[in-house]
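Trainee: I'll drop the sequence and a predicted model, then ask my questions.
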Amino acid sequence: MLRVMAFALVAALATPAVAATPEEDIAAVLDRLHAAASKADGLAYFALYMPDAVFIGTDVTERWTIPAFRAYAQPYFDKGQGWTYAARERQVTIAPVDCRCVAWFDEVLDSKSYGTARGTGTLLLTPQGWRVSQYALTFPIPNDVADEVIARIKTFEAGKK
(Lines give C-alpha, C1' and ligand atoms only; values in the text may rest on other atoms or scores of the structure.)
Protein backbone atom coordinates (compact mmCIF):
# COMPACT_ATOMS: atom_id res chain seq x y z
CA MET A 1 0.00 0.00 0.00
CA LEU A 2 2.80 2.39 0.91
CA ARG A 3 4.53 1.64 -2.38
CA VAL A 4 1.34 2.49 -4.34
CA MET A 5 0.96 5.76 -2.44
CA ALA A 6 4.61 6.68 -3.10
CA PHE A 7 4.19 5.94 -6.82
CA ALA A 8 1.05 8.08 -6.95
CA LEU A 9 2.87 10.95 -5.25
CA VAL A 10 5.84 10.75 -7.63
CA ALA A 11 3.50 10.58 -10.63
CA ALA A 12 1.54 13.59 -9.41
CA LEU A 13 4.71 15.62 -8.89
CA ALA A 14 6.09 14.64 -12.30
CA THR A 15 2.92 15.59 -14.15
CA PRO A 16 3.26 19.13 -15.47
CA ALA A 17 0.75 21.50 -13.97
CA VAL A 18 -1.78 23.02 -16.29
CA ALA A 19 -0.71 26.59 -16.93
CA ALA A 20 -2.88 29.12 -15.19
CA THR A 21 -4.74 31.60 -17.32
CA PRO A 22 -3.64 35.23 -17.15
CA GLU A 23 -6.89 35.97 -15.32
CA GLU A 24 -6.01 33.33 -12.70
CA ASP A 25 -2.49 34.74 -12.42
CA ILE A 26 -3.92 38.23 -11.85
CA ALA A 27 -6.41 36.95 -9.27
CA ALA A 28 -3.52 35.24 -7.45
CA VAL A 29 -1.53 38.51 -7.42
CA LEU A 30 -4.50 40.39 -5.96
CA ASP A 31 -5.09 37.64 -3.39
CA ARG A 32 -1.39 37.83 -2.40
CA LEU A 33 -1.67 41.63 -2.16
CA HIS A 34 -4.61 41.38 0.25
CA ALA A 35 -2.94 38.57 2.23
CA ALA A 36 0.28 40.56 2.63
CA ALA A 37 -1.64 43.62 3.83
CA SER A 38 -3.57 41.48 6.30
CA LYS A 39 -0.32 40.00 7.66
CA ALA A 40 1.31 43.47 7.75
CA ASP A 41 4.02 42.15 5.43
CA GLY A 42 5.18 45.36 3.80
CA LEU A 43 7.98 43.70 1.85
CA ALA A 44 5.60 41.26 0.13
CA TYR A 45 2.86 43.89 -0.23
CA PHE A 46 4.91 46.56 -1.96
CA ALA A 47 6.75 44.02 -4.14
CA LEU A 48 3.47 43.45 -5.98
CA TYR A 49 3.33 47.07 -7.20
CA MET A 50 5.12 48.66 -10.12
CA PRO A 51 7.75 51.15 -8.86
CA ASP A 52 5.76 54.03 -10.38
CA ALA A 53 2.35 52.72 -9.26
CA VAL A 54 -0.29 54.82 -7.56
CA PHE A 55 -2.59 53.89 -4.67
CA ILE A 56 -5.79 55.92 -4.47
CA GLY A 57 -7.41 55.81 -1.05
CA THR A 58 -10.93 56.57 0.07
CA ASP A 59 -10.25 60.19 1.03
CA VAL A 60 -10.03 62.72 -1.80
CA THR A 61 -6.54 63.70 -0.57
CA GLU A 62 -5.21 60.13 -0.83
CA ARG A 63 -3.36 59.78 -4.11
CA TRP A 64 -0.17 58.06 -3.09
CA THR A 65 2.93 57.24 -5.10
CA ILE A 66 4.30 53.92 -3.94
CA PRO A 67 7.27 55.50 -2.10
CA ALA A 68 4.88 57.86 -0.28
CA PHE A 69 2.38 55.07 0.45
CA ARG A 70 5.20 52.86 1.77
CA ALA A 71 6.41 55.70 4.02
CA TYR A 72 2.86 56.04 5.37
CA ALA A 73 2.03 52.33 5.74
CA GLN A 74 5.36 50.77 6.77
CA PRO A 75 5.29 52.10 10.36
CA TYR A 76 1.91 50.38 10.81
CA PHE A 77 3.19 47.18 9.21
CA ASP A 78 6.25 47.31 11.47
CA LYS A 79 3.89 47.25 14.48
CA GLY A 80 2.02 44.28 13.01
CA GLN A 81 -0.96 46.43 12.02
CA GLY A 82 -2.27 45.66 8.57
CA TRP A 83 -5.67 45.83 6.96
CA THR A 84 -7.85 42.97 5.89
CA TYR A 85 -10.00 42.93 2.79
CA ALA A 86 -11.35 39.69 1.35
CA ALA A 87 -12.50 39.61 -2.25
CA ARG A 88 -16.11 38.50 -2.49
CA GLU A 89 -16.39 39.05 -6.25
CA ARG A 90 -13.82 39.96 -8.86
CA GLN A 91 -13.86 40.77 -12.56
CA VAL A 92 -10.63 40.80 -14.58
CA THR A 93 -10.27 42.02 -18.15
CA ILE A 94 -7.12 41.74 -20.20
CA ALA A 95 -6.64 44.30 -22.96
CA PRO A 96 -7.44 42.68 -26.29
CA VAL A 97 -4.16 43.67 -27.91
CA ASP A 98 -1.26 41.60 -29.18
CA CYS A 99 0.82 41.84 -26.01
CA ARG A 100 -2.01 41.01 -23.57
CA CYS A 101 0.20 42.82 -21.06
CA VAL A 102 -2.35 45.25 -19.57
CA ALA A 103 -5.29 44.26 -17.40
CA TRP A 104 -7.88 45.99 -15.31
CA PHE A 105 -10.05 44.68 -12.53
CA ASP A 106 -12.78 45.52 -10.11
CA GLU A 107 -13.55 43.62 -6.95
CA VAL A 108 -16.11 43.73 -4.18
CA LEU A 109 -14.32 43.45 -0.86
CA ASP A 110 -15.43 42.55 2.65
CA SER A 111 -13.79 44.20 5.65
CA LYS A 112 -14.57 43.82 9.35
CA SER A 113 -13.83 47.49 9.96
CA TYR A 114 -15.49 49.02 6.87
CA GLY A 115 -18.01 46.46 5.67
CA THR A 116 -18.31 46.42 1.91
CA ALA A 117 -15.68 48.20 -0.17
CA ARG A 118 -14.62 48.17 -3.79
CA GLY A 119 -11.16 47.90 -5.26
CA THR A 120 -10.39 48.79 -8.86
CA GLY A 121 -7.17 49.09 -10.73
CA THR A 122 -4.78 48.09 -13.44
CA LEU A 123 -1.92 45.63 -13.71
CA LEU A 124 0.98 45.34 -16.14
CA LEU A 125 2.73 42.15 -17.17
CA THR A 126 6.44 42.38 -16.36
CA PRO A 127 9.25 39.82 -16.62
CA GLN A 128 8.55 39.12 -12.91
CA GLY A 129 4.83 38.55 -13.55
CA TRP A 130 1.79 40.77 -13.15
CA ARG A 131 2.27 43.90 -11.03
CA VAL A 132 -0.27 46.46 -9.83
CA SER A 133 0.14 49.82 -11.55
CA GLN A 134 -2.87 51.48 -9.94
CA TYR A 135 -5.17 50.48 -7.11
CA ALA A 136 -8.16 52.51 -5.99
CA LEU A 137 -10.14 51.69 -2.86
CA THR A 138 -13.66 53.08 -2.56
CA PHE A 139 -16.72 52.71 -0.39
CA PRO A 140 -19.73 51.97 -2.58
CA ILE A 141 -22.64 54.16 -1.56
CA PRO A 142 -26.12 52.70 -2.01
CA ASN A 143 -28.24 54.94 -4.24
CA ASP A 144 -30.91 55.19 -1.54
CA VAL A 145 -28.50 57.03 0.79
CA ALA A 146 -26.38 58.86 -1.79
CA ASP A 147 -28.10 62.25 -1.29
CA GLU A 148 -27.49 62.07 2.47
CA VAL A 149 -23.84 61.08 2.05
CA ILE A 150 -23.24 63.79 -0.55
CA ALA A 151 -24.78 66.39 1.75
CA ARG A 152 -22.48 65.30 4.60
CA ILE A 153 -19.44 65.48 2.33
CA LYS A 154 -20.41 68.99 1.18
CA THR A 155 -20.89 70.09 4.81
CA PHE A 156 -17.50 68.60 5.74
CA GLU A 157 -15.73 70.29 2.81
CA ALA A 158 -17.42 73.63 3.55
CA GLY A 159 -16.18 73.41 7.14
CA LYS A 160 -12.60 73.04 5.95
CA LYS A 161 -12.62 76.31 3.99
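Mentor: Perfect, thanks for sending it. Residues are numbered from 1 along each chain as shown.

Trainee: For Thr65, see how far away the residue nearest the centre of the chain is.
Mentor: The chain has Leu30 as the residue nearest its centroid, 4.3 Å off, counting by C-alpha atoms, centre = their mean. Going from Leu30 to Thr65 by C-beta to C-beta, to the nearest Å gives 20 Å. Any C-beta I mention is one placed from the backbone N, CA and C, and that applies to glycine too.

Trainee: Quick one: the strands in the protein, in order.
Mentor: With strands called from DSSP state E, the chain shows them at 49-56, 63-65, 86-94, 102-111, 115-126, 129-138.

Trainee: Output those strands in TSV; the columns should cover mean neighbour count, distance to Lys160 and mean pLDDT.
Mentor: Listed next are the strands of the chain as TSV, based on neighbours: other C-beta atoms under 10 Å; distance: least, C-beta to C-beta, whole Å; pLDDT from 0 to 100:
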stretch	mean neighbour count	distance to Lys160	mean pLDDT
strand 49-56	17	20	98
strand 63-65	15	17	98
strand 86-94	14	33	97
strand 102-111	17	26	97
strand 115-126	17	24	97
strand 129-138	18	21	98
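
Trainee: Pipe those into JSON lines and attach distance to Gly80 per row.
Mentor: Formatted as JSON lines, the strands of the chain follow (distance: least, C-beta to C-beta, whole Å):
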{"stretch": "strand 49-56", "distance to Gly80": "21"}
{"stretch": "strand 63-65", "distance to Gly80": "21"}
{"stretch": "strand 86-94", "distance to Gly80": "19"}
{"stretch": "strand 102-111", "distance to Gly80": "18"}
{"stretch": "strand 115-126", "distance to Gly80": "22"}
{"stretch": "strand 129-138", "distance to Gly80": "21"}
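
Trainee: who wins for proximity to Ile153 among those strands?
Mentor: Among the strands of the chain, strand 129-138 comes nearest to Ile153, with 13.2 Å by C-beta to C-beta.

Trainee: Parallel or antiparallel, list what pairs with that closest one.
Mentor: As defined by DSSP bridges, the strand partners of strand 129-138 come to strand 49-56 (parallel), strand 115-126 (antiparallel).

Trainee: Kindly reformat those as TSV containing distance to Tyr72.
Mentor: Listed next are the strands paired with strand 129-138 as TSV, based on distance: least, C-beta to C-beta, whole Å:
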stretch	distance to Tyr72
strand 49-56	9
strand 115-126	18
